[in-house]
Structures are given as structure tokens and as C-alpha cells.
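> Model the structure of this input:
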Amino acid sequence: MHKEVKIILLVEDDEHDAFFFSRTIGRARIGSRIHHVEDGQAAVDYLSGRGGFSNRDRFPLPDLVFLDLKLPRRSGFEVLAWIRENPIDPPVIVSVLSSLFPEVDQSRAGLAGSHHYAIKPPTGELFQTLADKFNLKWPPYTGPTGWGAISPV
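Below is the predicted model:
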């Protein structure tokens, strides 16, 4: 059995990339709710339920994290290290999104604990690939309010 709505945490400091991410989710018709944070420290705070993210009804643990590598305050690599040192239960799938595809970053991200590495901007095919690879059961499309809306945090 799967949750009615999948929770996605988008860790992205570029507002244009965040917009296109939300738009792609909408076009892919994936039943999900996106929580967006703009830096690595906010991602750690969200995942640990600290500070303004302590209300788990409002900020539930994500099913999937999309993580940029180049972030203010804490890099994506530092966030991956934090996740590895502080296991989340249930475990969360982390997909690194990067505007570059250097093999060294892909390898380093994999060694740091990411489950997937993709190039920006994301496509609908990316979500299908992740669903297939990790056996994600996306809920059915529920209309304009059921997908792709980024929750302000």
C-alpha cells in the first residue's frame, strides 16, 4: 500500500530550476506534493525535523529527495554525508540533480550515498525511470491541486 500523495523534497537554490521542476512534475501527472528548500542547511533541518520543520504533519518526511550539489550553507555532498551519518526511517531515496555531468561528481555522489544522478532540467522520463528503478508506486493523477504544487516553507 502506498501513501495517497508522495512527498518530494526539492533542494534547489535556483528559482528557475525549481519552477521547471514543478512544471515537469505537473506534466508528468504524478500525484505528489513538493516541499522546496533553497540551501543545504535547510535540507538537513527539514530532514531532521528541526526548527521551523518540526511539525511532521506540515513537513512530512519525503519519499524522494532531489538534491542539487552546488548549494549555499551546505553543499549537496555535505547533505549526503549528513543523511549517511543520520539514517532516516523509513529510508529516503536521493536523486542528485546537476547541471553538469562530470564523472567525478557522479562517482562521488554515488559513494556519498545518492541513489541516482541526473542532469537538469528533469524530464517526465526521469520520474518514470526512478519509479521503475525504485519500485515507486505513484498515486494516480488527481487534478491541478494534486500535483506539482510547491509548498512554501
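> how about the helices in this structure?
15-28, 40-48, 76-85, 103-112, 124-134 (DSSP state H).
> Which positions in the longest one come out as buried?
Right, helix 15-28. 17-18, 21-22, 24-26, 28 (16 or more other CB atoms under 10 Å). In short, each C-beta sits where N, CA and C put it, glycine included.
> which residues sit in contact with the residue lying closest to residue 78 once chain neighbours are set aside?
What sits nearest to residue 78 in space, not counting adjacent residues and going by CB to CB, 6 or more residues apart in numbering, is residue 40, at 5.6 Å. The contact partners of residue 40, by CB atoms under 8 Å, 6 or more residues apart in numbering, come to 11, 71-76, 78-79.
> gap between residue 40 and residue 90?
Taking CB to CB, to the nearest Å as the measure, residue 40 and residue 90 are separated by 22 Å.
> can you check residue 119 too?
Applying CB to CB, the value for residue 119 to residue 90 is 28 Å.
> what does residue 74 give?
Residue 74 sits at a distance of 23 Å from residue 90 (criterion: CB to CB).
> and the two? which has more neighbours close in?
Between residue 74 and residue 90, counting by other CB atoms under 10 Å, residue 74 is the more crowded of the two (17 against 7).
> Go ahead and confirm the more buried one touches residue 45.
No. Using CB atoms under 8 Å, residue 74 is not in contact with residue 45, being 10.0 Å away.
> so what's the nearest residue to residue 74 once chain neighbours are set aside scoring on pLDDT?
Closest residue in space to residue 74, ignoring its immediate chain neighbours: residue 40 at 2.8 Å, by CB to CB, 6+ apart. Looking at residue 40, its pLDDT reads 97.
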